[in-house]
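A.B. asks: for reference, the sequence and a predicted model appear below.
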Amino acid sequence: CIGHDAGHSVVSKRNWINQVVGEVSHSIFCLTPFVPWQLSHRKHHTHHNHLTKDYSHQWFIREQKEDLDWWIQASYATRNVQLPILYLIY
């Protein structure tokens with residue numbers, strides 16, 4: 001959503017507008033400090049979807065699902081319910 005777009009500096013050509021939009025949408029509504037999120041998100045894009053280097057997400061091989069901690073298995077099992085809700089916030 002708009003907070004994510006602000007993190008990529010595409011809401012406006014003016015950097016200060018991206019910063020304000022990011023701070024409001026992330027820091028106030030999502031309770032996630034914008035600048036640290038923006039920095040980690042850029043690092044995430046450096047190794048996007050890499051099994052071990054993308055530290056922003058818990059990637060795993062489907063065949064190894066049973067070896068994961070219970071809470072990661074629960075998150076995976078309920079991902080289709082979480083995504084629409086998170087999309088509206090994120």
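C.D. replies: Yep, that arrived.

A.B. asks: what are the buried residues along the helix ranked longest in the chain?
C.D. replies: In the chain, assigned by DSSP state H, the helix with the most residues is helix 34-46. Buried residues in helix 34-46, counted by 16 or more other Cβ atoms under 10 Å: 34, 37-38, 44. (C-beta placed from N, C-alpha, C; glycine too.)

A.B. asks: quick one: that helix to chain centroid distance?
C.D. replies: Centroid separation for helix 34-46 versus its chain: 9 Å, with Cα atoms, centre = their mean, to the nearest Å.

A.B. asks: next one: stretch 6-15
C.D. replies: That offset, for stretch 6-15, works out to 17 Å (Cα atoms, centre = their mean).

A.B. asks: mind checking the end-to-end distance for stretch 6-25?
C.D. replies: End-to-end distance for stretch 6-25: 9 Å, by Cα to Cα, to the nearest Å.

A.B. asks: please apply the same query to stretch 18-35.
C.D. replies: Stretch 18-35: ends 11 Å apart by Cα to Cα.

A.B. asks: show me how far it is from its chain's centre.
C.D. replies: The chain centroid and the centroid of stretch 18-35 are separated by 13 Å, computed with Cα atoms, centre = their mean.

A.B. asks: show me the contact partners of that stretch.
C.D. replies: Here stretch 18-35 makes contact (Cβ atoms under 8 Å, 6 or more residues apart in numbering) with 1-3, 5-7, 9-12, 37-38, 89-90.
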